[in-house]
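A.B. asks: this is the structure alone, sequence omitted:
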């Protein structure tokens, strides 16, 4: 199986990041390295990551695209997997991605997501809804790779030009650029749970952001 680096961009995530790092400790296939890109945090994000054993890369300016690009540039393994600092990869996450990466011609991978810290019914509904969303994107010929749960060949990502310098949608745009270089595959067993804080403003704003996502909106609608 190919070696993986896990890249996590983080800004003021001291309350969430330790849970993400513990989830990586439970992986049945350990990453070769974990890189936390500390995006100008004003809390203990960087110190917590270093204490855990991650390599910390400091990003003092720019937006999320620049932070993700710095993680890509710092990685040294053939494959890079990314998740967010408030997300919890399931124990089989990296093993499932690594197994899928062995198929010749594949350059990028992505998997399902669902909310954590919510009622069982909402957890199930979020996973089903997101799966439907991904299916719609796939049928439209525009697979939707989210930074909280995606992986790619480092060489292919660099050949594609890396993350575009946009305020948002940088992960999806990279996925679409990778599609021009090879196969982009959905991996059903590579589950990531993510914080329901995205619902803090209510369902309508959340769904509106995803509608903007589908339309290709590139401004900073996910907030600072």
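C.D. replies: Nice, thanks for sending it over. All figures in this text were calculated on a predicted structure; none of them were measured in a lab.

A.B. asks: residue 176 belongs to a strand?
C.D. replies: No. Counting by DSSP: H, G, I helix; E, B strand; the rest coil, residue 176 is not part of a strand but helix.

A.B. asks: skipping its backbone neighbours, what lies nearest it in space?
C.D. replies: residue 142 (6.2 Å; CB to CB, 6 or more residues apart in numbering). C-beta here means a position set from N, CA and C on the backbone, and glycine is covered the same way.

A.B. asks: what pLDDT does that neighbour get?
C.D. replies: Reported pLDDT at residue 142 in the predicted model: 82.

A.B. asks: can you pull the phi/psi pair for it?
C.D. replies: Phi and psi for residue 142, reported as degrees, to the nearest 10, are phi -130, psi 80.

A.B. asks: give me the element the closest residue in space to residue 189 that isn't next to it in sequence is part of.
C.D. replies: Leaving aside its chain neighbours, residue 189 sits nearest to residue 96 (4.1 Å; criterion: CB to CB, 6+ apart). Using DSSP states H and E, residue 96 maps to helix 93-101.

A.B. asks: helices or strands up against that helix?
C.D. replies: Helices and strands touching helix 93-101, by 3 or more CB pairs under 8 Å, 6 or more residues apart in numbering; DSSP states H and E, are strand 4-10, strand 79-82, strand 106-110, strand 150-153.

A.B. asks: orientation of the longest helix belonging to the chain relative to strand 106-110 in degrees?
C.D. replies: Using DSSP state H to define each element, the chain has its longest helix at helix 120-139. If you take axes from the mean of the first three to the mean of the last three CA atoms, to 10 degrees, helix 120-139 sits at 150 degrees to strand 106-110.

A.B. asks: give me the contacts around helix 120-139.
C.D. replies: 110, 112-116, 118, 143-144, 186, 196, 210, 214 (CB atoms under 8 Å, 6 or more residues apart in numbering).

A.B. asks: switch to 6 Å and redo it
C.D. replies: Here helix 120-139 makes contact (CB atoms under 6 Å, 6 or more residues apart in numbering) with 112, 113, 114, 115, 143, 144.

A.B. asks: farthest pair in those?
C.D. replies: Greatest spacing in the contacts of helix 120-139, by CB to CB: 115 and 143 (21.5 Å).
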